[in-house]
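Asker: What follows is a predicted structure for the sequence shown.
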Amino acid sequence: MMYWYHGCTGKEMQRSPNVQNQADKPRPGHEFHIQIDRVHYEVDQATMTGAQLRNVPPSPIGAERDLFEVRPGEPDLKIGDGDAAEIRDGKRFFTAPGQINPGSAA
């Protein structure tokens, strides 16, 4: 039996029951399915720094944007370049402008 990866739209990714049962236990060669700004990516590290996460998309996330970890039921966590984030299947991240200038035309 296969399980559909939660939250996929468009190009779905499949998860086997074995991956679901051991999602938090890294295994050699295991790939984790994460999202950054709602785009799906696969990474193979159980812990990544903010700088490493910024380089996951084909066009790296620039320094003008802040990176956050989505934490359901808790406030989102801002991740600095040197901060470590634990990676697991289904982990979500998003970016936002580092500086917001109210009233600007940009």
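Answerer: Arrived safely, thanks for sending.
Asker: Only C-alpha atoms from now on, for both contacts and neighbour counts.
Answerer: Noted.
Asker: how about low-confidence regions in the protein?
Answerer: 1-29, 104-106 (pLDDT under 70).
Asker: would you list every one of the helices in it?
Answerer: 17-21, 50-54 (DSSP state H).
Asker: For the last one, name the packing helices and strands.
Answerer: Using 3 or more C-alpha pairs under 8 Å, 6 or more residues apart in numbering; DSSP states H and E as the contact criterion, no secondary-structure element is in contact with helix 50-54.
Asker: Show me which residues of that helix are buried.
Answerer: Using 16 or more other C-alpha atoms under 10 Å as the test for burial, helix 50-54 gives 50-51, 53-54.
Asker: So which residues make contact with that helix?
Answerer: Under the contact criterion C-alpha atoms under 8 Å, 6 or more residues apart in numbering, helix 50-54 has outside partners 60-62, 67, 79-85.
Asker: From the residues you listed, which land in strands?
Answerer: 67, 79, 84-85 (DSSP state E).
Asker: Most widely separated two among these?
Answerer: Within the ones in strands among the contacts of helix 50-54, Leu67 and Ala84 form the most distant pair, 12.1 Å apart (C-alpha to C-alpha).
Asker: okay, the two: which has more neighbours?
Answerer: Shown here are Leu67 and Ala84; by other C-alpha atoms under 10 Å, Leu67 has more neighbours (27 against 15).
Asker: right, and that one touches Asp83 too?
Answerer: No - in this structure, Leu67 is not within contact of Asp83 by C-alpha atoms under 8 Å, at 10.6 Å.
Asker: re earlier: ranking the contacts of helix 50-54 by neighbours, who comes first?
Answerer: Leu67 leads those on contacts (other C-alpha under 10 Å) with 27 neighbours.
Asker: which residues touch that residue?
Answerer: Contacts of Leu67 (C-alpha under 8 Å, 6+ apart): 50, 54, 78-80, 93-96.
Asker: Distance of the residue nearest to Phe94 when sequence neighbours are not counted relative to Ala46?
Answerer: Leaving aside its sequence neighbours, Phe94 sits nearest to Asp37 (C-alpha to C-alpha, 6 or more residues apart in numbering; 4.5 Å). For Asp37, the distance to Ala46 (C-alpha to C-alpha, to the nearest Å) stands at 20 Å.
Asker: Noted, bye for now.
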